[in-house]
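Visitor: output the structure for:
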Amino acid sequence: MRRSLRPAQYGASLGLICLIAATPPGAQTQGPLSVIDWLGTQSTSEVARPAAKLQPKVEEPPVTQSAVAPVVAVHPLGQGGPREIGLVPARITGLPSDLWLGSDITKLTARIASLPDLHLPAAQSLLYTVLLAEAGAPSNFAAAGDTLALARVKALMKSGAIDPALSLIEQAGVSVSSAHFDLWMQNSLLVGTEDRACDTLAKAPHLTQDYGTRIFCNARARRWEDAALTLGSAQALGLMPKEKIALMARFLDPEAYENLPPLPLPRNMDPLTFRLFESIGERIPTNSLPRAYAVADLRDVAGWKAQLEAAERLTRAGALPDNQLLGLYSERKAAASGGIWDRVQAMQRFETALDTGSAEAVSKTLPELWQEMRSSELEIPFSALFADRLAGLNLTGGAAAIARTVLLLSPGYEVAAAEFGNTDLASQIASGELSEGRPADIVQGAIYDAFTGAPPRADLVAMVKQRRLGESILEVLILLHKGTRGNDKALTAALATLRALGLEDTARRAALQILLLER
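Guide: Residues are numbered from 1 along each chain as shown. Got it, this is the predicted structure:
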């Protein structure tokens with residue numbers, strides 16, 4: 001006998017799906033693109049600016065019929081509810097706009113700030129979906145929306161998703177508070193668009209209390225006297241650390257410090273300090289800095305090797321569209337051998353073989369490239385990019401086994417499972433048809449239990465009725481993170497809860513990644 005995981009037979013899950021689905025029919029089904037990939041196909045203006053609404057045409061008589069003054073009803077204006085903030089609409093995420101409504105704003109923002117660094121690609125993808133989904137704030141006053149927007153932007157920045165973070169903070173409003181503007185400036189400094197932020201600051205100097213930002217923007221606008229005066233005042237009044245004062249002085253007058261030794265690297269890095277070191281010709285490598293700084297290496301000022309390493313790091317975290325990394329791999333010929341250059345050469349040889357349509361040529365080049373993808377933990381982006389093209393080839397030997405793994409790790413895993421047959425637990429999870437007989441392996445057994453009737457976490461399921469779906473998903477992600485760290489009970493509970501919340505695709509992809517990725 002086989003146990004079916006088809007959506008029509010979820011049983012108890014259906015009631016919860018009805019609670020979640022405030023979106024059109026079918027919106028809960030997740031598409032093949034992650035929200036980061038989806039955003040990569042949209043222009044900045046499309047994601048940062050709400051669509052204009054057509055004003056209804058009002059038919060009015062040409063003249064009044066009476067000289068009597070009309071009766072006007074007067075009511076006091078209330079604060080009103082907060083607006084919905086997010087870049088990805090419900091038709092893409094399948095999540096309702098009230099997913100934060102019932103949560104306590106203080107606890108919610110603390111939970112977002114304390115999220116662990118998720119290493120499972122399916123978990124990363126779900127986190128981005130929740131953070132970028134169009135949604136209102138968890139209370140009926142606007143300040144809660146501002147607080148939640150800041151927390152979401154900081155979480156995106158921590159993950160390295162700087163472009164979506166920039167669009168989100170711009171949508172929330174960069175002039176709402178100093179905190180909003182400072183966060184906008186930090187993200188802008190990393191991607192090299194700080195001139196826009198400086199122009200805004202020039203028109204509204206009250207937006208920041210950071211003297212370093214004021215000095216930097218004055219210098220960018222060639223207001224050297226204002227910059228020097230602000231630096232002198234900050235130094236005299238002790239408003240900036242001595243290390244920052246010294247760095248600012250070299251930035252404003254580099255010639256005066258030409259023969260001095262380089263400044264020591266700061267213990268606590270921030271985007272402005274990073275850009276100042278770059279401006280004085282002492283660029284700091286980003287590989288030892290938090291992930292957000294890797295975005296700075298995607299600019300043209302960085303060499304190709306630095307761009308490749310940064311793109312791999314960000315793609316590994318799901319913070320960069322897969323095609324952007326592929327474009328860098330194909331940009332030019334490898335400059336050397338070893339390390340990342342071996343990956344570049346292997347990718348270019350594989351693409352050449354793929355373009356010939358020769359199964360024999362692909363069979364020769366795929367094993368080497370797959371080993372490179374495994375060593376750099378880029379199996380999921382590779383699978384998303386090449387699964388469809390590998391599906392039509394009659395590969396042989398080890399390449400055939402690799403292609404099967406690639407297809408099961410791709411968004412089309414269910415179609416792949418139907419082709420290969422239910423020969424193991426991974427293909428059974430992919431097809432939605434589990435055989436009787438629990439595996440002896442601890443991890444496989446935990447996954448098997450989650451798909452054969454193990455109960456979800458009741459407290460996390462109950463949050464849905466309380467309009468705390470977003471908070472519930474965050475808790476499930478933390479539980480799943482513990483499960484991937486060796487806690488088999490947490491793994492079962494996390495996968496079972498994902499299924500109960502209607503996130504069947506995420507549950508299956510997470511299970512497949514745990515089974516197939518060699519971490």
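Visitor: next helix or strand past the lowest-mean-pLDDT helix or strand in the chain?
Guide: Lowest on mean pLDDT, DSSP states H and E among the helices and strands of the chain sits helix 12-20, with a mean of 40. As assigned by DSSP states H and E, the chain's next helix or strand after helix 12-20 is helix 35-40.
Visitor: assign the most centrally placed residue in the chain to helix, strand or coil.
Guide: Closest to where the C-alpha atoms of the chain average out (C-alpha atoms, centre = their mean) is Y128, at 4.0 Å. Put simply, Y128 is helix when judged by DSSP: H, G, I helix; E, B strand; the rest coil.
Visitor: go ahead and confirm I105 touches D146.
Guide: No - counting by C-beta atoms under 8 Å, I105 stays clear of D146, with 10.1 Å between them. To be clear about C-beta, it is placed using only N, CA and C from the backbone, and glycine gets the same treatment.
Visitor: residues touching the residue nearest to the centre of the chain, list them.
Guide: Y128 sits next to S34, V35, I36, L156, S159, A161, P164, G318, A319 when contact means C-beta atoms under 8 Å, 6 or more residues apart in numbering.
Visitor: before we move on, what about L239?
Guide: Per C-beta under 8 Å, 6+ apart, neighbours of L239: Y211, S233.
Visitor: distance of it relative to Q209?
Guide: Between L239 and Q209 the computed distance is 9 Å (C-beta to C-beta, to the nearest Å).
Visitor: same question, S177
Guide: 11 Å.
Visitor: which of these two has more residues huddled nearby?
Guide: S177 (15 against 11; other C-beta atoms under 10 Å).
Visitor: wait, that one touches T147, no?
Guide: No - the pair S177 and T147 fails to qualify as a contact (C-beta under 8 Å) at a distance of 9.8 Å.
Visitor: now whichever strand or helix holds D195: buried residues?
Guide: Assigned by DSSP H and E, D195 belongs to helix 194-203. Buried residues in helix 194-203, counted by 16 or more other C-beta atoms under 10 Å: E194, A197, C198, T200, L201.
Visitor: check which helices and strands it sits against.
Guide: Judged by 3 or more C-beta pairs under 8 Å, 6 or more residues apart in numbering; DSSP states H and E, helix 194-203 is in contact with helix 178-191, helix 211-220.
Visitor: can you give me the angle that helix makes with helix 178-191?
Guide: For helix 194-203 against helix 178-191, the angle by axes from the mean of the first three to the mean of the last three C-alpha atoms, to 10 degrees is 150 degrees.
Visitor: contacts for helix 194-203, please.
Guide: Helix 194-203 is contacted from outside by 174-175, 181, 184-185, 188, 207-208, 213-214, 216-217, 220-221, 275, using C-beta under 8 Å, 6+ apart.
Visitor: again, 6 Å this time
Guide: The contact list for helix 194-203 (C-beta atoms under 6 Å, 6 or more residues apart in numbering) reads W184, M185, S188, L207, C217, R220.
Visitor: flag every buried residue along the helix or strand containing L390.
Guide: Assessed by DSSP H and E, L390 sits inside helix 379-391. Within helix 379-391, the residues that count as buried by 16+ other C-beta under 10 Å are E379, I380, P381, F382, S383, A384, L385, F386, A387, L390.
Visitor: same for it, what does it pack against?
Guide: Applying 3 or more C-beta pairs under 6 Å, 6 or more residues apart in numbering; DSSP states H and E, we find helix 379-391 packed against helix 322-329, helix 398-409.
Visitor: between the two ends of stretch 367-382, how far is it?
Guide: In stretch 367-382, first residue to last residue: 13 Å (C-alpha to C-alpha, to the nearest Å).
Visitor: check stretch 313-322 too.
Guide: Start-to-end, stretch 313-322 (C-alpha to C-alpha) is 12 Å.
Visitor: who touches the nearest residue to L469 once chain neighbours are set aside in this structure?
Guide: Spatially, and ignoring its direct neighbours in sequence, L469 is nearest to L99 (4.1 Å; C-beta to C-beta, 6 or more residues apart in numbering). When contacts are counted by C-beta under 6 Å, 6+ apart, L99 touches A135, L469, G470.
Visitor: cool, and Q444?
Guide: L425.
Visitor: mind exporting the helix or strand it falls within as CSV, just the C-alpha atoms?
Guide: For Q444, the element it lies in under DSSP H and E is helix 442-450. C-alpha atoms of helix 442-450 as CSV (Å, rounded to 0.1, in the frame of the first residue of the first chain):
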residue,chain,number,x,y,z
ILE,A,442,16.8,8.6,12.0
VAL,A,443,16.5,11.4,9.5
GLN,A,444,14.6,9.5,6.9
GLY,A,445,12.3,8.2,9.7
ALA,A,446,11.6,11.7,10.9
ILE,A,447,10.7,12.9,7.4
TYR,A,448,8.6,9.8,6.8
ASP,A,449,6.6,10.5,10.0
ALA,A,450,5.9,14.0,8.9
